[in-house]
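Engineer: I'd like to go over a predicted model; first the sequence, then the structure.
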Amino acid sequence: MILLNRPAAAVSVAILSVLLSGCGAGAPPGSTKVSGNVTWQGAPLESGVITFRGTGAEGSAGAPIVKGQYSTECLPGSKRVEITANRTSSDKKDNLGMPLVEQYVPENYNTKSELTKEVKAGATNVFDFDLK
């Protein structure tokens, strides 16, 4: 679990927004649609980010997860999938007394992801993830 104070969380979100800005409508030629659902402990993941990282030269693409659903476009190929989600801690505070923001999805779904998918050109690429 990663804990951040509010300014650090805001900077992280801003950087992530810039990194993901190339996805979707501005996707590279040859991209294909990828969509699906993400659940956390049996319920739709309220909000988060999903990233499909290319294992070769095909690059990465990502999308926000909203009420358990995501949709983006990425180039075909083998992808490592990373899923992140933050929440405000109810009991941990920074040195100013502000609640800390914590990454609560385990690292085996993000920084040390064990999730992989094969995105196929011209196919229906619907990938659901049930995180526990």
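Structural biologist: Ah, there it is. Numbers count the residues shown, from 1 in each chain.
Engineer: where exactly do the strands run in this protein?
Structural biologist: 2-4, 32-40, 43-44, 47-54, 60-66, 69-74, 77-84, 86-93, 99-103, 115-119, 125-126, 129-131 (DSSP state E).
Engineer: What confidence value was assigned to residue 96?
Structural biologist: Here the pLDDT value assigned to residue 96 is 89.
Engineer: Grab the most central residue of this structure for me.
Structural biologist: residue 50 (2.1 Å; CA atoms, centre = their mean).
Engineer: Report the beta-bridge partners for that residue.
Structural biologist: When bridges are called by DSSP bridges, residue 50 pairs up with residue 63, residue 83.
Engineer: Also residue 77?
Structural biologist: Beta-bridge partners, per DSSP bridges, of residue 77: residue 119.
Engineer: Could you give the average pLDDT over stretch 119-130?
Structural biologist: 95.
Engineer: contacts for that stretch?
Structural biologist: With contact meaning CB atoms under 8 Å, 6 or more residues apart in numbering, stretch 119-130 is reached by 30, 32-39, 42, 50, 52, 74-79, 81, 83, 109, 115, 117. From N, CA and C alone the C-beta is placed, and that goes for glycine too.
Engineer: For ChimeraX, write the selection for the buried entries among these.
Structural biologist: Buried subset of those, written as a ChimeraX selection, criterion 16 or more other CB atoms under 10 Å:
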select :32,34,36,37,38,50,52,74,75,76,77,79,81,83,109,115,117
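Engineer: residue contacts, the residue nearest to the centre of the chain?
Structural biologist: Here residue 50 is in contact with 38, 62-63, 65, 70, 72, 81-83, 129 (CB under 8 Å, 6+ apart).
Engineer: try residue 40
Structural biologist: 85, 105, 131.
Engineer: okay, those residues in a markdown table with neighbour count next?
Structural biologist: Below are those laid out as a markdown table (neighbours: other CB atoms under 10 Å):
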| residue | neighbour count |
| --- | --- |
| 85 | 20 |
| 105 | 20 |
| 131 | 17 |
